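In: The following comprises the amino acid sequence and a computationally predicted model.
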Amino acid sequence: MKLHEHQAKKIFAAHRIPIPLGKVATTPSEAAAAAFDLGTPVIVKAQIHAGGRGKAGGVKIAKTPGSTETITRSMLDKGLITEQTGSDKVIVESVLVEERLQISEELYLAMAIDGSLKRIVAISSKSGGMDIEKVAHDTPEKIFVEPIDPGLGIQSYQGRNIAYKLNIPDNLVRPFVQLTQDLYSAFISTDASLAEINPLVITSNNTLVAADAKLDLDDDALFRHSELSGLKDANQEDPLELLANSFNINYVRLDGNVGCIVNGAGLAMATMDVASEAGAHPANFLDIGGGADEVKVSKALQLVLSDERVQVVLVNLFGGILRCDIASKGFLLAANETQTTMRPMVVRMLGTNADEGRRLLSNSDLDLVLVDTLEQAATAIKTFI
């Protein structure tokens, strides 16, 4: 679950991480009042879950309360399209009005989970700011990674190691070490998957301030954090992903044209590769799981069909707990219930009751091709796109 910047900063502040003075506004007049209270100039920041706001006009300097009001009205009216939103415009329902900091240096600091190391790592760089992704891609040597022992947590010497790599001024080393420990504390206490400060700034007054904040929470741990569950902003989520969540279907919307329905995450990844090999692109990641029934399978197909970009549906099932005949009945149910246009289907079924499942589909009116191998699936996809 993603949080807005102002929500992340509130949590950071509770863990003693310095943040700028600021106020959240949902109307232009509230933004103007916030600017008056804080004193101008101020920074007006659109509150959306996607990154890349600065380059997209979602972060602007306002020199007067009047200009704050004008900028806010424009953001709320127009929404934003950033590098991370794709072509879809994201609505802006609130802005964060903050004091303008006098910045002498911008750094990057984050806590994240490294799957290969099976532990939390502290990630840092001297090249903080809007282009950190470009820095990581073009000059990875400028990104420093400090693995953290899960039994001990981040130690003071590790904070000092990071400080020295970033050339932190001597008088700020101790506050920086404390900040790394506080960021780790915020990460652990919220069961986060990412806690990021970009940029972490050194001000002209020689202080450290989290000028921006990002906090992503582990959905599977939210049952332990009832106080955080209410921070979810459904309006910032993809409508199809929200719908999938209500059906308890693992679904992530992508930007391709081949809808994928699979049982099992590993098989899902292989299926997405098949779509790419066919010269197309997967429209989604979808794992219906092993215990799905006809209704859940039907909902999965209808979900995929709801994406207007989907030209063909690729089904790749290995029957086990989910029998292939049950899956086929679910597809037929979806064909009868869907309010959208059916698409051609390429279906690969193996495992429990695969012959019965294939027979049900063969005797239906569905526009489909039954295949035995992934290579055949890739060939069949090409005929539909």
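Out: Yep, that arrived. Numbers count the residues shown, from 1 in each chain.

In: In this structure Gly51 contacts Val90, no?
Out: No - using C-beta atoms under 8 Å as the test, Gly51 is too far from Val90 to be in contact (11.2 Å). Any C-beta I mention is one placed from the backbone N, CA and C, and that applies to glycine too.

In: Please identify every residue contacting each of these two.
Out: Thr82 (C-beta atoms under 8 Å, 6 or more residues apart in numbering).

In: where does Leu96 land in three-state SS?
Out: strand (DSSP: H, G, I helix; E, B strand; the rest coil).

In: Identify the residues contacting it.
Out: Counted by C-beta under 8 Å, 6+ apart, Leu96 has contacts His4, Glu5, His6, Gly22, Lys23, Val24, Ala25, Val44, Lys45, Gln47.

In: how near is the third one to Phe12?
Out: Read it as His6. Distance, His6 to Phe12, using C-beta to C-beta, to the nearest Å: 11 Å.

In: Could you list the low-pLDDT ranges of the stretch 1-150 of the chain?
Out: 86-87 (pLDDT under 70).

In: And the strands in it?
Out: 22-25, 42-46, 59-62, 95-99, 103-114, 119-125, 144-147 (DSSP state E, counting those that start in this stretch).

In: So which of the ones you listed is nearest Thr271?
Out: When the strands of the stretch 1-150 of the chain are compared by C-beta to C-beta, strand 103-114 sits nearest Thr271, at 25.4 Å.

In: now for the lengthiest helix in the chain, which elements pack on it?
Out: If you go by DSSP state H, the chain has its longest helix at helix 173-189. Counting by 3 or more C-beta pairs under 8 Å, 6 or more residues apart in numbering; DSSP states H and E, the packing neighbours recorded for helix 173-189 are helix 5-14, strand 103-114, strand 119-125, helix 156-165, strand 192-203, strand 208-210.

In: May I see those organised as JSON lines, with mean neighbour count and distance to Asp131 added?
Out: JSON lines is the format used below for the helices and strands packed on helix 173-189 (neighbours: other C-beta atoms under 10 Å; distance: least, C-beta to C-beta, whole Å):
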{"stretch": "helix 5-14", "mean neighbour count": "20", "distance to Asp131": "18"}
{"stretch": "strand 103-114", "mean neighbour count": "18", "distance to Asp131": "10"}
{"stretch": "strand 119-125", "mean neighbour count": "20", "distance to Asp131": "11"}
{"stretch": "helix 156-165", "mean neighbour count": "16", "distance to Asp131": "19"}
{"stretch": "strand 192-203", "mean neighbour count": "23", "distance to Asp131": "10"}
{"stretch": "strand 208-210", "mean neighbour count": "21", "distance to Asp131": "19"}
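
In: Mind putting those into a markdown table with distance to Gly58?
Out: Listed next are the helices and strands packed on helix 173-189 as a markdown table, based on distance: least, C-beta to C-beta, whole Å:
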| stretch | distance to Gly58 |
| --- | --- |
| helix 5-14 | 11 |
| strand 103-114 | 18 |
| strand 119-125 | 23 |
| helix 156-165 | 29 |
| strand 192-203 | 15 |
| strand 208-210 | 18 |
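
In: Quick one: closest of these to Ala244.
Out: strand 192-203 (19.1 Å).

In: got the CA positions of that closest one in CSV?
Out: Below are the C-alpha coordinates for strand 192-203, written out as CSV (Å, rounded to 0.1, in the frame of the first residue of the first chain):
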residue,chain,number,x,y,z
ALA,A,192,7.2,-1.3,5.2
SER,A,193,8.6,-2.5,1.9
LEU,A,194,10.2,0.8,1.2
ALA,A,195,11.1,3.9,3.2
GLU,A,196,12.7,6.6,1.1
ILE,A,197,13.9,10.1,1.6
ASN,A,198,14.7,11.8,-1.7
PRO,A,199,16.1,14.2,-1.4
LEU,A,200,17.5,14.3,2.1
VAL,A,201,18.9,17.8,2.1
ILE,A,202,21.6,19.6,4.0
THR,A,203,20.3,23.1,4.4
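
In: tell me the angle of it relative to strand 103-114?
Out: 160 degrees (axes from the mean of the first three to the mean of the last three C-alpha atoms, to 10 degrees).

In: List the residues that contact Ser125.
Out: Counting by C-beta under 8 Å, 6+ apart, Ser125 has contacts Leu107, Tyr108, Ile132, Val135, Ala136, Lys142, Ile143, Phe144, Leu166.

In: isn't Ala275 right up against Val262?
Out: No - contact criterion C-beta under 8 Å: Ala275 and Val262 do not qualify, at 11.1 Å.

In: Now do the domain split for this structure, please.
Out: For the chain, automatic domain parsing gives the domain ranges 1-20+102-236, 21-100, 238-382.

In: Pull up the distance across the longest one, start to finish.
Out: In terms of C-alpha to C-alpha, to the nearest Å, the two terminal residues of domain 1-20+102-236 are separated by 11 Å.

In: Contact partners for Tyr92?
Out: No, residue 92 isn't Tyr; it's Val. Here Val92 is in contact with Ala46, Gln47, Ile48, Gly58, Met75, Leu76, Lys78, Gly79, Leu80 (C-beta under 8 Å, 6+ apart).

In: Kindly report the same for Ala31.
Out: Ala31 touches Ala25, Val44, Thr68, Glu69, Ile71, Thr72, Val95, Val97, counting by C-beta under 8 Å, 6+ apart.

In: The fourth one contacts Ala32, correct?
Out: This means Glu69. Yes - when contacts are counted by C-beta under 8 Å, Glu69 is listed as touching Ala32 (3.9 Å).

In: Next one: Val304 from Lys89, what distance?
Out: Taking C-beta to C-beta, one finds Val304 at 23 Å from Lys89.

In: Name the residue in those two with the higher neighbour count.
Out: Under the criterion of other C-beta atoms under 10 Å, the comparison of Val304 against Lys89 puts Val304 first, with 28 against 12.
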